[in-house]
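J.: sharing a sequence plus its predicted fold:
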Amino acid sequence: PKQNDQTHCLFPSSLKIEIVSARELRFEMLVVSNSRAAEKLSLPGNAESWPQALQLNGKSVAVSEENKKPVSWIPGAGEWLLKGVITAAQTLPQTLEIPREVATVRLIDRGAERNVVRPEPGVLALSQTEGAKAGGERALEASVFRKISDGQITRITTVLRLKVSGVERSMEVEGFLPAGAEWINIESDLPWEIKPAGRLWLKLRPGVHEVMATARIASPLSTLSAPTWNAPELQIQQEVWMFEPAANLRQVAVEGLQSLDPSRMELPQGFEGLQTYEAKPGASARFVQRVRGREGQDLKKLSARREIWIDFAGGHATSREHLQFALPARERLEWNGAAQLKEAAIGDVPALITLGASGKTGFALPQGQGQAVAASRLPVTAIWNVRAFPAATSLDALQLQFNLPPGYRALWIEDAENSQGFWLNGMTTLDWFALILCALIARKLFNTKIGIALVFGLLFARLYGGVPIQAWLWALVFLAVAKALPDGWFRVFPRFIAALLFLGLGLMLIPWTIDRAQQALHRSMDEPVYGGGPIPYPAAAPAPAPAMMREEMADGAVESYSSLRSKRVYKSVQQAEPTAIQQVVGAKAILSEGIPDWHWHAVSASWTTPVANDKLVRIGLMPPWLTAVVGVLSALGIWLSWLMAAKLLWTMGPMALPPRAPRPPKPPKKKKSEPAQEEVA
């Protein structure tokens, strides 16, 4: 099992039980561990037969309890010998519980060695009566189930179900796999070993057991013959085949075998719902193609996701390619150009890197479907012509991501279907329109030099983010309207809005300008623009190989050793460039430059259409010193335009409404004249 990307292995290889008297026995257990951390180990005995005086490599250790069973702890990697004593109050029990994982057991009764009998997994017979009862009758019944999965690579899963009685014994089975099949994996609770000529050795013990073996044939099936089992006491009652078709590839009819009803059988898990046949020894099955699917067409499917990390010091970069492939035949990938292949793996298994006839390094992809990972080193220039994919092979789709260290900026990329994070590629028509309007309005309001400074500042401010062009456009529009209108009610509103906009822009420019100054002085203070955070990267040397592997490397049997790399998180960006790590294993020195795993400034491009095997991509990069200079000049240009706008607003006078003119007084109303009295008279 794996924990924290480290494989933990604890293997109790042998157990020796010595019965000293009717009340006492001693045990010795050899344990092999490949774990860096302490591992828990089950001990012989139980609550009634508790182990005492436990020693680990000659030193006394404690016995712990878990689920009323004795356990102890193995401190770390190495070979460990545990010794202990079990004493009974009256007499020893007839059976003793032992760890199920123990491979071999020796039983010595008062100086005489006896046959080992395990009536069931995890139980050892101590008494002669119990041993004779469990091992009195030697019998072995077996049934075989095979699942044949069709495809470009035929996969054969075989389950051998055993019913064993009698004493523990060994057995070699010949003819376990059909002719032409290659071993892939074996899973069983019985100890096993693959012998020469494909023979399988099993350590039998009483009980019901299953041996599951996986094999493959590197081609689609046309015929397949049932093997003839050859073992002294193995009696195969029935061999059953299940066929799993590949409908997307072809439709196949199975001929030459007798059909069976799977509902009346106790099939292994995962074998249900398939066509079922009886295969007698020597019988041959024919797989006749009825309807063609995609067979005969170009079945090659190869897509890649490539990540490139530019070194903090510049000049070189590390590239990692993630491949997904479906190949009708084995294919070799050779790295072209200046890229140097450093590591390769197919799935989780390291691949062998070889030198081709043309002098180029590469590795081979197997037939079928799978995933592969490769790592390489390549040089970097300011205007960089990089191969879309370092190997000379066409791709169905490609995703390309560049991880830039602090201070670097990506200016443009040519001939990309989709791009994100590149400076010029990210400029839309609306951005250019707003930028041109800002330049024209600034030229009319101030002069040509201020217009050029503003355009330069706003254009290059997009490299750092935080300066919206649209906000500047609206502020200049309201300022121009306020200048064009005469004093009065109509000027107050646009002038007020322009003042608010320029006040907000000034407040935004203060921290932005401080960032530009800090970046110019200290490159490490460059803030991520397109996402990022703390920088994790490999910082520890590879773990030493196990003792067994060191011996194989010293003999030249193993060409390379891929170890696990631990990771730490660093908030500082100093010394983040991958450094060479040299490790001496046996008589060989292994050199690894490490694979970065940090993300600071990430820009990406992708192609969803087929990519040619010689496609070149041109990329423009801005080095840190130029990024700092341009940032300072951009801030100066924007601040100069802001000050000119503030000066223009100030020269318009106080922002107040014109005074009201007093209304003229109304003339007094004339009173109607009354006729004189004399006239009335």
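T.: Structure received.
J.: just the element for Val629, please.
T.: When secondary structure is defined by DSSP states H and E, Val629 falls within helix 624-651.
J.: list the buried ones in that helix?
T.: Burial within helix 624-651, assessed by neighbour count using 16 or more other C-beta atoms under 10 Å, is assigned to 624, 627-628, 630-631, 634-635, 637-642, 644-645, 648-649. No exception for glycine: its C-beta is placed from N, CA and C like everyone else's.
J.: and that helix, how far out from the chain's middle?
T.: The chain centroid and the centroid of helix 624-651 are separated by 45 Å under C-alpha atoms, centre = their mean, to the nearest Å.
J.: ok, stretch 217-226 next?
T.: Mean-position distance between stretch 217-226 and its chain equals 34 Å (C-alpha atoms, centre = their mean).
J.: what does it contact?
T.: With contact meaning C-beta atoms under 8 Å, 6 or more residues apart in numbering, stretch 217-226 is reached by 148, 150-154, 156, 178-182, 239, 241, 249-250, 252, 279-287, 295, 367.
J.: likewise stretch 47-61?
T.: Stretch 47-61 has contacts (C-beta under 8 Å, 6+ apart) with 27, 43-45, 62-63, 68-70, 72-75, 80-88, 92-93, 96-97.
J.: now the buried members of those.
T.: Buried members of these, scored by 16+ other C-beta under 10 Å, are 27, 43-45, 63, 69-70, 72, 74, 80, 82-84, 86-87, 92, 96-97.
J.: so which of those belong to strands?
T.: Members of the buried ones among the contacts of stretch 47-61 lying in strands (criterion: DSSP state E): 27, 69-70, 72, 74, 80, 82-84, 86-87, 96-97.
J.: want to try TSV for those, with pLDDT as columns?
T.: Below are those laid out as TSV (pLDDT from 0 to 100):
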residue	pLDDT
Phe27	90
Lys69	88
Pro70	91
Ser72	90
Ile74	87
Trp80	89
Leu82	90
Lys83	91
Gly84	90
Ile86	88
Thr87	87
Leu96	86
Glu97	87
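J.: what's the most distant pair in the residues you listed?
T.: Farthest-apart pair in these is Ile74 and Thr87; separation 24.1 Å (C-beta to C-beta).
J.: before we move on, back to that, closest one of the ones in strands among the buried ones among the contacts of stretch 47-61 to Ile310?
T.: Among those, Ile74 lies closest to Ile310 (C-beta to C-beta), at 45.1 Å.
J.: flag every buried residue along the helix or strand where Pro511 lies.
T.: Pro511 is part of helix 489-521, with elements assigned from DSSP H and E. Going by neighbour count (16+ other C-beta under 10 Å), the buried part of helix 489-521 is 491-492, 494-495, 497-499, 501-502, 505, 509, 512-513, 515-516, 518-520.
J.: swap in stretch 174-191?
T.: For stretch 174-191, burial by neighbour count (16+ other C-beta under 10 Å) applies to Gly175, Phe176, Leu177, Pro178, Gly180, Ala181, Ile186, Ser188, Leu190, Pro191.
J.: ok, now which ones touch the third one?
T.: Residues in contact with Leu177, defined by C-beta under 8 Å, 6+ apart, are Ile156, Thr158, Trp183, Gly198, Ala213, Ala215, Pro227.
J.: before we move on, the earlier item: show me what the helix holding Val629 is packed up against.
T.: Under the contact criterion of 3 or more C-beta pairs under 8 Å, 6 or more residues apart in numbering; DSSP states H and E, helix 624-651 touches helix 429-445, helix 448-461, helix 469-484, helix 489-521.
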